[in-house]
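Chemist: Here you go, sequence then predicted model.
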Amino acid sequence: MQATEANHYTVLGLDRRCTEAQIKTAYRVLARQHHPDLNPGSAAAVARTQALNAAYEILSDPERRTAYDAELAAKKSAAPKRGERGGRSERDVAQEVNLRFEDFLRGTTLDVRVNDPANPEGPEIYELTVPPGTAPGARFRLPRTGAFAGGWVRVRVRALPGFRFKARGSDLRCDLTLKPERAAQGGSEMIPGVTGSLVRVEIPRGVGRGEILRVPGEGLPRPRGGRGDLLVRVKYRVEVRVTRRSGR
């Protein structure tokens with residue numbers, strides 16, 4: 001692997017812990033986005049497509065991916081250590097990006113703006129493509145350009161809290177308010193899920209206030225495939241009745 005060769009994981013917007021399914025998904029999304037037929041006359045689209053094809057050819061083959069990972073590890077061990085003049089770590093910056101819940105499921109593309117006071121060229125803007133099925137906490141590396149070429153923008157994606165749902169890892173939490181008699185009887189309730197479709201919540205007879213009901217597979221993507229769970233906390237609806245006293 002030549003020193004000037006682009007990192008195949010970076011080309012696909014992934015890190016080295018990604019799954020085979022994430023590699024396939026990222027390749028399909030990016031290949032369609034940058035296909036020369038959709039970008040006529042663009043030399044950049046041709047170059048990006050070639051890089052995507054090369055990355056997918058290596059990373060989709062388990063044996064070739066293992067050999068490639070070994071090359072990356074050897075190259076990393078030979079790189080200058082932190083604090084050494086000219087070391088890559090001096091050119092790296094970290095950035096956190098908050099995404100909507102649906103962005104983790106459906107994927108998205110956004111601009112990452114870096115304001116580095118040490119960069120005489122001013123703010124840097126990089127395009128980040130988040131493939132569908134990305135898990136909260138996933139990390140991406142974007143190669144820096146200009147005065148800090150050779151460094152990386154290390155991006156970690158987090159879930160932005162929503163009105164109805166809150167994320168804990170790949171699990172989502174929400175509340176379900178029931179009348180006391182409904183909680184006593186049990187049954188099932190249909191509530192909107194994170195994708196907007198209705199989700200059935202089974203309610204045990206006599207469910208207690210504050211009890212958590214788990215709906216498998218209705219959360220956010222997990223790092224190694226599949227989805228987390230939807231955790232529904234039961235709340236009681238307090239009924240207040242006003243009765244007029246006689247004689248007044």
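Modeler: Yes, it's here.
Chemist: CA atoms for contacts and neighbours, from now on please.
Modeler: OK.
Chemist: partner strands of the helix or strand containing R200, parallel or antiparallel?
Modeler: Using DSSP states H and E, R200 falls within strand 198-203. Counting by DSSP bridges, the strands paired with strand 198-203 are strand 187-192 (antiparallel).
Chemist: mind saving the C-alpha coords of the partner strand as PDB?
Modeler: What follows is strand 187-192, C-alpha atoms only, in PDB (Å, rounded to 0.1, in the frame of the first residue of the first chain):
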ATOM      1  CA  GLY A 187     -54.100  -5.800  26.600                       C
ATOM      2  CA  SER A 188     -52.300  -4.000  23.800                       C
ATOM      3  CA  GLU A 189     -51.800  -0.400  22.700                       C
ATOM      4  CA  MET A 190     -50.600   0.900  19.300                       C
ATOM      5  CA  ILE A 191     -48.100   3.800  19.500                       C
ATOM      6  CA  PRO A 192     -46.100   5.600  16.800                       C
END
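Chemist: where do the helices sit along the chain?
Modeler: For the chain, helices defined by DSSP state H occupy the ranges 8-11, 20-33, 43-59, 62-78, 101-106, 180-185.
Chemist: circling back to that earlier point, now do the buried residues in the strand holding R200.
Modeler: 199, 201, 203 (16 or more other Cα atoms under 10 Å).
Chemist: Now do the buried residues in the least confident helix or strand in the chain by mean pLDDT.
Modeler: Within the chain, confidence by mean pLDDT, DSSP states H and E is lowest for helix 62-78 among all helices and strands, at a mean of 82. Neighbour-count burial for helix 62-78, counted by 16+ other Cα under 10 Å, picks out 65, 68.
Chemist: helices or strands next to it in the packing?
Modeler: With contacts taken as 3 or more Cα pairs under 8 Å, 6 or more residues apart in numbering; DSSP states H and E, helix 62-78 sits against helix 43-59.
Chemist: Would you mind getting the angle between the helix it packs on and helix 62-78?
Modeler: Angle of helix 43-59 versus helix 62-78, following axes from the mean of the first three to the mean of the last three Cα atoms, to 10 degrees, is 110 degrees.
Chemist: quick one: contacts of helix 43-59?
Modeler: Identification of contacts with helix 43-59 by Cα atoms under 8 Å, 6 or more residues apart in numbering yields 6, 8-9, 11-12, 23-24, 27, 30-31, 34-36, 39, 64-65, 68.
Chemist: No further queries at this time; thank you.
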